[in-house]
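Peer 1: Task: produce atomic coordinates for the following.
(2 chains)
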There are 2 protein chains.
Amino acid sequence: MFDPLLLPELREMLIEDDSPAMREFCAVFHAGVVAENLEGLPVADCWRVLSQADGRRRAEVFAYFSRARQMELVATIDKPHLSALIEVMAPDDRVSLLKNMEASQIDVLLPLMAQAERDDIRKLLSYPDHSAGSIMTTEYATLHSDVTAGVALAQLRTQAPNRKLIYYIYVIDEARHLIGFVSLRKLILAKPETPISDIMDRDVICVRVDEDQELVARKIARYDFIAMPVVDDQNRLVGIVTHDDVLDVLQQEATEDVHRMGGVEPLTDQYLESSFVTLWRKRAMWLSVLFLAEVFTFTALAHFENEIAKVVALSLFVPLCISTGGNSGSQAATLICRALALGQIRLGDWARVIWHEFVMGIALGLTLGAIAFVRAYFTSEKVLGTADPVLLAAVIAQTVAAICLWGTLVGSALPLIFKRLGIDPGIASSPFVATFVDVTGIVIYFSIAKVYLNLG
Amino acid sequence: MFDPLLLPELREMLIEDDSPAMREFCAVFHAGVVAENLEGLPVADCWRVLSQADGRRRAEVFAYFSRARQMELVATIDKPHLSALIEVMAPDDRVSLLKNMEASQIDVLLPLMAQAERDDIRKLLSYPDHSAGSIMTTEYATLHSDVTAGVALAQLRTQAPNRKLIYYIYVIDEARHLIGFVSLRKLILAKPETPISDIMDRDVICVRVDEDQELVARKIARYDFIAMPVVDDQNRLVGIVTHDDVLDVLQQEATEDVHRMGGVEPLTDQYLESSFVTLWRKRAMWLSVLFLAEVFTFTALAHFENEIAKVVALSLFVPLCISTGGNSGSQAATLICRALALGQIRLGDWARVIWHEFVMGIALGLTLGAIAFVRAYFTSEKVLGTADPVLLAAVIAQTVAAICLWGTLVGSALPLIFKRLGIDPGIASSPFVATFVDVTGIVIYFSIAKVYLNLG
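Peer 2: Numbers count the residues shown, from 1 in each chain, chains lettered A, B, ... in the order given. Coordinates of the predicted model:
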C-alpha cells in the first residue's frame, strides 16, 4: 500500500545517490507498492530508481504504473532500452501497453526484440479488443498425459520461472489439443508414481479465443477459477486468462455500464487522465441528443397551449408530473439493466419481468398518487384561481399514478427491447428513459385534465 | 457451464433410479456445473441426486446453488442431515448461508455439530456485515519460519486436504503473529534444504479483520493476489480472503452503486428473487422522497404565475430547460461518483475536479445554448403570440447554457460534499441531482426571462 513514509525516504536516496538502497527498495516491496511510491516522483527520478532494479523486476514494477505514467516513461527512454524492457514484460502486460502506442512506434521497437517475443506480440496484438485473446497471456504451464506426478513436478520446476501462473497445469496432446488439467494442489498431494492421466480433470471449462472478455470474466467468477484456458476453434490451447485480468475486466465493464446509465459515452481512460476534448465530445454528444429529444416536450405542450391559457395553474404541475415518470422509469431501467448485466435475468424472462413491473408500477403509482392527491388538494386558492381544488387534486393524483405506471413499464421494457435488437441495454439508460417518458407524460397529463376540467 | 443436454439425462437417471450414474454425474463435473443443472429440478429430485454424492462433494455443490435454491433445500431436510452438511461446508460458505437463517434455527443446528466447527461458526458470525472478517475463511495453510523448504512441503501435504487455498503459505510465530508468507511457486522451486526464513516475503500486505470488505477487495485487485491474510489488532493471523470472494464483493459493491444511482435502495437479493413488498418499499421510499422534493418545482413555478399568464409561451419551454440541468447534472454526478468509487480521484482533488467541471460546464453550456437558440428562433408564430422570436430565443439559449453549467457544477460538487460529510456519494445520484437542479433551474429560467421580456 502507499506508505507516506516511503516517499521522503526515496527522495533522500535520490539526493544521496544511494544505489544500494534504491536496489533494495525495488527488491523488497511488492512491485505494486514500488510503483505507487514512484508515481510521486518526477519521471527522470523514477527512471533513476528503476535503473537499479534488475530487468525482470523493472518490468514487473512498470506494469503496475498508471497508463499515464507508463506513457510518460516510454516517451523519455531510448528505443533499445524500451525494447529490452518490453521484451521481459509479461505477454499480456506488454500487449496492453503497446495498444496505447502508435503503430509506427511499434514498428521501430519490434525489430529490436528476439524473434520469439516478436511473434508472440504480433499474435496477441492481432486479437480484437474485448476478446478473450486480447487479455490472455501465453505464459502457462503444460504437461503431456503420459508422465507420472513426480515427472510432472520436475517438469513444472523447469517451466515455472517464466510462467505467470503455475497453479493449474494444462494437459495437452501432441497437437496441443487441450485434454485436461491438474491443479498444483492435486499434483503435490499425489504419489510421485501416479500417472497424470489418473488424477487429471477431463471436464475442462474453457473459452474460445474470439469470445467476449466479459464472458470469460463471468465464467471465472462463476466457477471460482484462478485462471481459465483459452483455445482456438480446433480446441488447441493458445493461452490463459488469469484472475487478476478478470477483476480488471469486470471493473471496466461495470464502469462502462455506469457511464452509459449516466448518459456519458464510456471513457477509456481515467476521469482525470482523459483529454478535455474527448470528454467534451463524449458528454456533448449525449446531451445534444437528449436535448433534441426533449424539444418534443415543447411540441407536446404547444399542442395544449389553449388549455394552459384557460387554466394557468395546470402548467405549474407539469414538471412535478413528468419528473415522476422520469424517476420511476430510471428505477426500473436501472434494476433491469443491472440484472441483465449480471445474468440474473435473461431475455426469455421478459414476460415475467414485464408482469412483475406492471404490478409494481400500479403499487408505486397508487402510493405516489395518494401523496399527490393530498398535496394538490392543499394548493393555495390564490394559485388555483377559478379551478376546483378537488377536481384539480383528482387530475394530479391520477396523472401521477398513470405516469408512474407508464414510466415503470417503459423503463423495464426498453432495456429488454434493446437487448433483443442486439443493442447494449445500457443505452436504454436513465436519461434516455426519462426523456421519452417526459414527452409522453405531457400527453397523458393533458388528456386526463381535459376529461375532468371540461377544457374542450 | 449449463449444458442443455445434461438436464434430460439427469431426468432419465431419476426415472430409472440409476444411483451409479447420479454419483458419477456429481463427481465428474465441476461443482458449479452440477449445481446449475440441478437448479432445473424439483427440490426433492435435487436431494435425490445430491444424496448419491459423498458428504464433502455434496457441500461443495450446495455452495454453488443460488440463495433461493439453498433456502428451499434447507427447508426440506431434517436437522441432523442439515447440520452434517453445514459441518463439512467451507467456513466462509456456511457462514454466508447461516446469515440467511433465523437465529432460532441456528440455535437448533449448532449443538449437533463438533465443538471445533461450532466455535469457528460462532466466531465468524460475530464479525459485522461488510467487514473483512465476514467474508474470510479460516482454512489457510501455515508454517513456522524455522523449517526448511522440504519440511514445509511435507507439512503442507498434510494440511492441504482441508485448506481452501494452499498457494500462499503464511509464516507465523508461536503466538500466531503473521511474520511473512511463501508462495507455493517459490516453495517448489526452492532446494529442499533451504530455510523458509531465506525465501519468505516479509513485506506482507494484509488487512485488519474489522476493515471494510471493499478495502480488502481493492487491495487484492490492486496487487493481483490470489488471497490476502486477515489479522486482528495484534497482528495475529485469523483468516484469509480469497480471490473468488473478492469478485463477489466487487460485483456486489458495483451493484449497490448502480442501484443508488438509479434511485433504488440497494437490493440484497437478486432482482427476481426479492420479495415484492421489499422491492416496493425500497423503490417507493426513494420515489416518494423525490416526489416531495419535486413539489418545489410547483412552488417555484407558482411564484412566477403572473409572468406565465402574461406570456404563456414561456411555460412551454420549462421542461426543456430544466431537463438540460438534470441531464448535465446526471453526467457529472455519474463520472465523479464512479471515479470516487474506483479511487481514481480523492477528496483532496476537489479543487481540480470543480475547476475541470466548471470549464466543462461552460463548454457544454455553449454547445447546448447554440442548439437551443436555433431551435427556439424557429418556433412557429402561432405559438409565440406577441413575443419577439429573437428575444425569446436569446432567453431560451441563455437559460439552457446557464442551467447546463449549473447542473454540471451541482452534479460534480454534491458527491464530493457528501463524501466529505461521511455520506455515501452514491446517494448524490442522478435522480437526486436532477430534482435539485429542476427546482433551481426554474428560478434561473424566469430570472433571465424577466430581464429580457420586461415582465415586471
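
Peer 1: where do the helices sit along the stretch 1-150 of chain A?
Peer 2: Secondary structure of the stretch 1-150 of chain A (DSSP state H, counting those that start in this stretch): helices at A:6-15, A:19-28, A:31-38, A:43-50, A:55-64, A:67-75, A:79-88, A:91-98, A:103-109, A:115-125, A:132-135, A:149-159.

Peer 1: what's the weakest-modelled helix or strand in chain A?
Peer 2: When each helix and strand of chain A is scored by mean pLDDT, DSSP states H and E, helix A:381-384 comes last, with a mean of 62.

Peer 1: Which SSE is immediately downstream of that helix?
Peer 2: helix A:389-420 (DSSP states H and E).

Peer 1: Could you tell me what pLDDT the model assigned to residue A:438?
Peer 2: In this model, residue A:438 is scored at 90, pLDDT.

Peer 1: can you pull the contacts of the nearest residue to it once chain neighbours are set aside?
Peer 2: Leaving aside its chain neighbours, residue A:438 sits nearest to residue A:322 (4.7 Å; criterion: CB to CB, 6 or more residues apart in numbering or on different chains). Just so you know, the C-beta spots here come from the backbone N, C-alpha and C atoms, and that holds for glycine as well. Contact partners of residue A:322, counting by CB atoms under 8 Å, 6 or more residues apart in numbering or on different chains, are A:297, A:403, A:437-438, A:441-442, A:445, B:319.

Peer 1: Now the helix or strand encompassing residue A:300: buried residues?
Peer 2: Taking DSSP H and E as the criterion, residue A:300 maps to helix A:276-303. Within helix A:276-303, the residues that count as buried by 16 or more other CB atoms under 10 Å in any protein chain shown are A:279-280, A:282-284, A:286-287, A:290-291, A:293-298, A:300-302.

Peer 1: So which residue is dead centre in chain A?
Peer 2: Centroid-nearest residue in chain A, with CA atoms, centre = their mean: residue A:253, separated by 1.5 Å.

Peer 1: Can you tell me how far that one is from residue A:91?
Peer 2: Distance, residue A:253 to residue A:91, using CB to CB, to the nearest Å: 22 Å.

Peer 1: repeat for residue A:396
Peer 2: 64 Å.

Peer 1: out of those two, which sits in the more crowded spot?
Peer 2: When residue A:396 and residue A:91 are compared for neighbours, residue A:396 comes out ahead with 25 against 18, by other CB atoms under 10 Å in any protein chain shown.

Peer 1: what about residue A:40, how many neighbours?
Peer 2: Residue A:40, neighbours per other CB under 10 Å, totals 15.

Peer 1: what's the answer for the one 10 residues further on, then?
Peer 2: A count of neighbours around residue A:50, defined by other CB under 10 Å, yields 22.

Peer 1: now do residue A:47
Peer 2: 16.

Peer 1: now swap in residue A:44 and tell me
Peer 2: By other CB under 10 Å, neighbour count at residue A:44 equals 9.

Peer 1: One more: residue A:55?
Peer 2: Counted with other CB under 10 Å, residue A:55 comes out at 12.

Peer 1: Is it in contact with residue A:84, as I believe?
Peer 2: Yes. Using CB atoms under 8 Å, residue A:55 is in contact with residue A:84, at 6.8 Å.

Peer 1: quick one, strands of the stretch 151-300 of chain A?
Peer 2: A:165-172, A:178-183, A:207-208, A:227-231, A:237-242 (DSSP state E, counting those that start in this stretch).

Peer 1: I'd like to know which elements the third one is packed against.
Peer 2: By that I understand strand A:207-208. helix A:213-223, strand A:227-231 (3 or more CB pairs under 8 Å, 6 or more residues apart in numbering or on different chains; DSSP states H and E).

Peer 1: for residue A:292, what are its contacts?
Peer 2: Applying CB under 8 Å, 6+ apart, one finds that residue A:292 lies in contact with B:371, B:375.

Peer 1: Give me the pLDDT value at it.
Peer 2: pLDDT, residue A:292: 88.

Peer 1: Equivalent analysis for residue A:428, please.
Peer 2: 70.

Peer 1: Equivalent analysis for residue A:324, please.
Peer 2: At residue A:324, pLDDT is 91.

Peer 1: quick one, phi psi at residue A:78?
Peer 2: Backbone torsions for residue A:78, taken as degrees, to the nearest 10, come to phi -80, psi 160.

Peer 1: Give me the number of neighbouring residues for it.
Peer 2: A count of nearby residues for residue A:78, using other CB under 10 Å, gives 7.

Peer 1: do the same with the one 3 residues further on
Peer 2: Other residues near residue A:81 number 13, with proximity taken as other CB under 10 Å.

Peer 1: And it, how close does it get to chain B?
Peer 2: Computed as CB to the nearest CB, to the nearest Å, the residue A:81 to chain B distance reads 25 Å.

Peer 1: Ok, residue A:162 next?
Peer 2: Distance from residue A:162 to chain B, counting by CB to the nearest CB: 12 Å.

Peer 1: Next: residue A:176.
Peer 2: With CB to the nearest CB as the criterion, residue A:176 and chain B are 22 Å apart.

Peer 1: again with residue A:270
Peer 2: For residue A:270, the distance to chain B - CB to the nearest CB - is 5 Å.

Peer 1: contacting residues for that residue?
Peer 2: Per CB under 8 Å, 6+ apart, neighbours of residue A:270: A:66-68, B:339, B:342, B:344.
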